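# Build me a structure from this.
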Amino acid sequence: MKQLPLKAVETFQPSLKSLKTALGENLTQYFADVNVKLEPCPDLNESPFRFPISNISKGAILDVGGPANLLPTPNKSKKYSLEQLLDLCNILHVPNEIIFGSCAGPFWEMGKNSEMVACKKSSSTESDSFLGYVDESSDGARFKCSSSNNFGLLGNFFVCSEEEESTILRIKAKTRLTNENFTNAIRNVISQNFPNQVVSLGGVFSVTGSQTNCHVMPDFSQEPLENDKMVQDWLNFYEFDESMTFASVLHSHDPGLNLRMEHSHGYNEERKQLGHYHYDLNPETVEYDGVFALATKVVRIDMP
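Down below sits the predicted model:
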């Protein structure tokens, strides 16, 4: 597989203590009950996360391809693999024991377009990933587990070591007060407290006590999607049940790399639901529980 063009940028590294203080004091603009701690990474295999990776630590973010590969028409030559990204990590000198994130599924394997929560350990030949797609005959959302290492078009990933005693940001928030969702609230606080600095986080968060509004991409449109309204009309939106787990990356600023500033895909394996996160639907009762680690580097790969 040919070498993908890339550009790497070092991010700003505030202390975890300063991030904890900023988030603890300022997320109260967005949520009535906020608790931010520095603590050893909990076992992410356990409730409320039930994620295929047990621990995360400081790492890097890989932003691959982008929406321009999907819109207005899909560029079906854009086929990628998680193994390819892990190999690039060796060149970039960033940890690569695990990779997880949000991407479009391998359309050439699925036979159609899909959403994907990708998750892979470098020690394994297969991934522990999940796919969400639309059954066009009913407009219903469908779900399947996947061992594929492939994805298409675009993806946003966190790579790191699976350290058992790493210190992470544990961000809990209840009762949403504004129209900002969980990840954008975090982004806003970091951007305001570290102005003009690129601070990037990757992690996992759960949503309980509320349904979640998510979209699932249907199969590729037969006509070019030329504007936002056409895109919104093409996407399928669903009110998924509570207790979802999301893989997420976010940035406070873009250092000129045309980054996807936030991207979160989530799933509930028991209820067979998966989609792209927009917001919770029950702000009075929603509870977020997030585990985030700093990215020391952002790598833009195969930018359209």
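
# Return the residues in contact with P40.
Listed by C-beta atoms under 8 Å, 6 or more residues apart in numbering, the contact set of P40 reads 165-168. No exception for glycine: its C-beta is placed from N, CA and C like everyone else's.

# can you pull up the bridge partners for F158?
I61, F100 (DSSP bridges).

# Compute the number of surrounding residues for it.
26 (other C-beta atoms under 10 Å).

# Is it correct that it is in contact with V204?
No. Assessed by C-beta atoms under 8 Å, F158 is found out of contact with V204, at 9.1 Å.

# residues shared between the contacts of those two?
56, 100, 247.

# what ranges of the protein fall below the confidence cut-off?
Within the chain, the ranges that satisfy pLDDT under 70 run 1-2.

# 80 instead?
1-3, 163-165 (pLDDT under 80).

# longest strand in it, by residue count?
Across the chain, the longest stretch assigned as strand under DSSP state E is strand 287-301.

# What strands flank that one, and is each parallel or antiparallel?
Next to strand 287-301 in the sheet, as set by DSSP bridges, lie strand 6-10 (antiparallel), strand 59-65 (parallel), strand 167-176 (antiparallel), strand 200-208 (antiparallel).

# Adding distance to E239, write those strands out as CSV.
As requested, the strands paired with strand 287-301 are exported to CSV (distance: least, C-beta to C-beta, whole Å):
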stretch, distance to E239
strand 6-10, 38
strand 59-65, 29
strand 167-176, 16
strand 200-208, 12
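
# For the residue nearest to V299 when sequence neighbours are not counted, which residues are in contact?
In space, and not counting its chain neighbours, V299 is closest to A8: 4.6 Å by C-beta to C-beta, 6 or more residues apart in numbering. Applying C-beta under 8 Å, 6+ apart, we find A8 in contact with 92, 297-300.

# what does C160 give?
For C160, the contact set (C-beta under 8 Å, 6+ apart) comprises 56-60, 95, 97-98, 202, 293.

# How far does stretch 146-162 sit from its chain's centre?
10 Å (C-alpha atoms, centre = their mean, to the nearest Å).
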